[in-house]
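Trainee: what shape does this take:
(chains A and B)
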Amino acid sequence: MSNNVLTIRDLSVHYHTDRGELKAMRHINLDVPRGSIVGVVGESGCGKSTLIASIIRLLAENATIPNGAIDFESRDLLKLSEDEMRAIRGDHMSIVFQDPMSTLNPVLSIGRQMTDIQYRDKKSQAEKIQRSVDMLASVGIPDPASRLKQFPHEFSGGMQQRISIAMALQAEPSLLIADEPTTALDATLEVQIIHLLKALQKDIGCSILFISHHLGVIAELCDYVVVMYAGEVVEEGTARDVFHRPAHPYTEKLLQCDPAGIATKSRSLPTIPGEIPDLVAMPPGCIFKNRCGLVMTQCDTVVPQWTDSGNGHFVSCHRTHS
Amino acid sequence: MSKVLQVENVRVRFRVKSTMQSLLQQVSDPFIDAVRDVSFSISEGETFTLVGESGSGKSTLALAVAGLLPAAAGSIRFNGDEVTTMNHAAMQVYRKQISFMWQNPVGSLSPRLNVGSLITEPYKIHAMKERNLKTECSRLLKMVGLPDHFSERYPHQLSGGQARRVGVARALALNPKLIIADEPTAGLDVSVQGEILNLLNRLQVDLGISIFVITHNLNIVRHISDRTAIMYLGRFAEQGPTDDIFAQPRHPYTLALLSANPEPDPDAEIGRIELKGEVPSLMDRPPGCEFHTRCPFVGESCNIVFPPVHTISDTHALTCHYPR
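Mentor: Predicted structure coming up:
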């Protein structure tokens, strides 16, 4: 059995649009080792949502996958039938979304929603309710038995996100995908949710693919970090390697931009000038060249190779070879 | 420095129970105070930042300052003129001098108007017919660093950062003395966030306007603001010069907020003060110090006596029994 819960190799996703083929994700590689938390960082439009949708195979209808493989628990998800995929979703892999308010059904009680999703288990209704009570208690909701009768609007945002996490972990999946689970929450609640995820991950022993654009949260929670830019993974490595020794110019700039990392008061904050290239008419060569301060001649024409710069710290940049 | 805005003991209330309901349920107070007894002032050319969690009353206070919500008590003075008692005509004059940058950059722009119409709309509303809208439009676009041809674009053709810039341009149209910016960087990527904050900083230096920023992003507060207030349950927990507050937070809530901020370094030493539980309901304010239910340093009198104002300097004050 492989050491990775999830292995993505050379995966590309294209969307058909009126303007032509939009290459939203190109040749990405990603590993989620068993029992670890992997963070995916990237700005809007970098392909984070496409990545999630392709893992759970819920891509939009105009999407095609020209090449690649998604290996989950030693099975290629792209080759499974719709029925087999349905058996995996929610049971072996589950998701916590960004906005808890729109994840939960507003017209059904929490208890009803939590027992409904246990439809696979051949348990009695009483056992299912007990399981829901236990889950709510484990995410720190006081007096869970009576709160099962309540509806989503009767909970605060932080509580709703805890309930979403409880529901996602109810089936003890081997992979939890967390799509910006703390973005909609305040700083003090954000910290509570991070600690909760970390504790639950230890208890259940699942792996987490944690997507966020908040560098501080990623640094605190994750073992490994994957940096995405304009539909490509540009860097991957342990959190320590990526945050302390960023190898790709984009990662470096992204870290410099974060005002949390600037200790002295500054009235002029660093930015990354320029914009993401048009993914319909892709420029040749390196994807980051138009915003990179360190371009060399080959960046214009040659696409950089995905290479190991040592100890599993991967990067795609020409500078690492020279 | 002269004071542009002076707010004293302002209270904003919302009715939550009808007269009949409160009679039947024997509720003595059918109102909640979203903002309770808040005082602060903003000087010319100064950035004042209001920090707090969702539901703490930040936006309500801003709306009251703009005259969009009535204040139940207290006084709001703008350049010496009382805002709370203004009639409609005086309000029109007042609103020419303040402007709002709304929280949702795309949502605050009408999808049916192009950028040119959007940023020149203030002139039409205030019937400033002598202005040449075309030249004003290109002047404003230039100020916020957008090319001229953007005036033809519609909001859905803008990125988040560009929509923000349009929001800034519209706020600048009438040469206001005060800009109220509600979460100016919410939903923006870090690289774009810097651009918008640099733009606001530059405009403030060039034009000498005052800015009232509302945010829950502590990372940006340190870099943009001169003075900061921390709000909890509609009251100011602590208020003072930004540098002092960041160097030595005195109120336990400020301390907790600052330490809750994850740093982009996996080896960062975390001396974190974690707050238990959630913000109490405004319908049922805790007795004594309203923060005592979550305070990690809660002492004897905290749950009985409302804490006194503790003054550290002329400009730095907090409400706590046991300041750090």
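Trainee: show me which residues of the stretch 1-150 of chain B are close to chain A?
Mentor: Residues of the stretch 1-150 of chain B lying close to chain A (C-beta under 8 Å from any C-beta of the partner chain) are B:Glu53, B:Ser54. No exception for glycine: its C-beta is placed from N, CA and C like everyone else's.
Trainee: residue in the stretch 1-150 of chain B nearest to chain A?
Mentor: Nearest residue of the stretch 1-150 of chain B to chain A: B:Glu53, at 4.1 Å (C-beta to the nearest C-beta).
Trainee: which residue packs closest to residue 306, ignoring adjacent ones?
Mentor: You didn't pick a chain, so chain A it is. Of all residues not flanking A:Trp306 in the chain, A:Ser316 sits nearest, at 4.8 Å (C-beta to C-beta, 6 or more residues apart in numbering or on different chains).
Trainee: wait, I meant chain B there
Mentor: For B:Phe306, the spatially nearest residue (C-beta to C-beta, 6+ apart) is B:Gly288, at 6.1 Å.
Trainee: neighbours of that neighbour, how many?
Mentor: 17 (other C-beta atoms under 10 Å in any protein chain shown).
Trainee: please name the residues that touch A:His16.
Mentor: A:Leu22, A:Asn62, A:Ala63, A:Thr64 (C-beta atoms under 8 Å, 6 or more residues apart in numbering or on different chains).
Trainee: where does it fall, secondary structure wise?
Mentor: strand A:4-17 (DSSP states H and E).
Trainee: which stretches in chain A count as helices?
Mentor: A:48-55, A:82-88, A:100-103, A:110-116, A:125-138, A:144-147, A:157-169, A:187-204, A:215-221, A:239-244, A:249-257 (DSSP state H).
Trainee: and the angle for the fifth one with helix A:157-169?
Mentor: Angle, helix A:125-138 to helix A:157-169, by axes from the mean of the first three to the mean of the last three C-alpha atoms, to 10 degrees: 130 degrees.
Trainee: buried ones in helix A:125-138?
Mentor: A:Lys128, A:Ile129, A:Arg131, A:Ser132, A:Val133, A:Met135, A:Leu136, A:Ser138 (16 or more other C-beta atoms under 10 Å in any protein chain shown).
Trainee: now tabulate the helices of chain A in TSV and tack on mean pLDDT and distance to chain B.
Mentor: Shown next, in TSV, are the helices of chain A (pLDDT from 0 to 100; distance: least, C-beta to the nearest C-beta, whole Å):
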stretch	mean pLDDT	distance to chain B
helix A:48-55	92	12
helix A:82-88	93	31
helix A:100-103	86	12
helix A:110-116	94	17
helix A:125-138	93	15
helix A:144-147	90	14
helix A:157-169	90	6
helix A:187-204	88	4
helix A:215-221	90	3
helix A:239-244	93	4
helix A:249-257	91	4
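Trainee: those: which one's closest to B:Ile180?
Mentor: For those, proximity to B:Ile180 was assessed by C-beta to C-beta; helix A:187-204 is nearest, at 22.2 Å.
Trainee: buried set for that closest one?
Mentor: A:Ala187, A:Thr188, A:Leu189, A:Glu190, A:Val191, A:Gln192, A:Ile193, A:Ile194, A:Leu196, A:Leu197, A:Leu200, A:Gln201.
Trainee: returning to what we had before: include distance to A:Leu77 when you put the buried residues of helix A:125-138 into JSON lines, please.
Mentor: Output for the buried residues of helix A:125-138, formatted as JSON lines (distance: C-beta to C-beta, whole Å):
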{"residue": "A:Lys128", "distance to A:Leu77": "28"}
{"residue": "A:Ile129", "distance to A:Leu77": "33"}
{"residue": "A:Arg131", "distance to A:Leu77": "27"}
{"residue": "A:Ser132", "distance to A:Leu77": "29"}
{"residue": "A:Val133", "distance to A:Leu77": "33"}
{"residue": "A:Met135", "distance to A:Leu77": "26"}
{"residue": "A:Leu136", "distance to A:Leu77": "31"}
{"residue": "A:Ser138", "distance to A:Leu77": "29"}
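Trainee: next, give me the two most distant ones among the contacts of A:His16.
Mentor: Every pair of those checked by C-beta to C-beta; the farthest is A:Leu22 and A:Thr64, at 10.6 Å.
Trainee: and whichever residue of the stretch 151-300 of chain B sits closest to chain A, how many neighbours?
Mentor: Nearest to chain A in the stretch 151-300 of chain B, going by C-beta to the nearest C-beta, is B:Pro262, at a distance of 3.2 Å. Residues near B:Pro262, counting by other C-beta under 10 Å, number 24.
Trainee: quick one: strands adjacent to the strand holding A:His16?
Mentor: strand A:20-33 (antiparallel), strand A:63-64 (antiparallel), strand A:69-72 (antiparallel) (DSSP bridges).
Trainee: now the angle from it to helix A:48-55?
Mentor: Going by the same axes, to 10 degrees, strand A:4-17 makes 110 degrees with helix A:48-55.
Trainee: and A:Phe288, how many neighbours does it have?
Mentor: Neighbours around A:Phe288, by other C-beta under 10 Å: 25.
Trainee: how about it, nearest residue that isn't a chain neighbour?
Mentor: A:Tyr250 (5.2 Å).
Trainee: report the contact partners of the one you found.
Mentor: Taking C-beta under 8 Å, 6+ apart as the test, what A:Tyr250 contacts is A:Val227, A:Tyr229, A:Val234, A:Glu235, A:Ile272, A:Phe288, A:Arg291, A:Cys292.
Trainee: domain-wise, how is chain A divided?
Mentor: Domain assignment of chain A by automatic domain parsing yields the ranges A:4-92+A:175-189+A:204-320, A:102-170.
Trainee: out of those domains, which is the most enclosed?
Mentor: Ranked by mean neighbour count, the domains of chain A are led by domain A:4-92+A:175-189+A:204-320 with a mean of 19 (mean count of other C-beta atoms under 10 Å in any protein chain shown).
Trainee: quote the end-to-end distance of that domain.
Mentor: The first residue of domain A:4-92+A:175-189+A:204-320 is 27 Å away from its last residue (C-alpha to C-alpha, to the nearest Å).
Trainee: just the pLDDT for residue 181.
Mentor: In the absence of a named chain, this looks at chain A. For A:Pro181, the model assigns a pLDDT of 88.
Trainee: look at chain B instead
Mentor: 93.
Trainee: where does it land in three-state SS?
Mentor: The assignment at B:Ala181 comes out as strand when based on DSSP: H, G, I helix; E, B strand; the rest coil.
Trainee: quick one, what contacts the closest residue in space to it that isn't next to it in sequence?
Mentor: Leaving out its chain neighbours, the residue that sits closest to B:Ala181 by C-beta to C-beta, 6+ apart is B:Met101, at 4.3 Å. Applying C-beta under 8 Å, 6+ apart, we find B:Met101 in contact with B:Arg164, B:Gly167, B:Val168, B:Ala171, B:Ile179, B:Ile180, B:Ala181, B:Asp182, B:Pro184.
Trainee: please redo it, this time with the cut-off set to 7 Å
Mentor: Taking C-beta atoms under 7 Å, 6 or more residues apart in numbering or on different chains, we find B:Met101 in contact with B:Gly167, B:Val168, B:Ala171, B:Ile179, B:Ala181, B:Asp182, B:Pro184.
Trainee: what score does the residue positioned nearest the centre of chain A have for pLDDT?
Mentor: Central residue of chain A (C-alpha atoms, centre = their mean): A:Ile211, 3.0 Å from the mean position. pLDDT recorded at A:Ile211 is 92.
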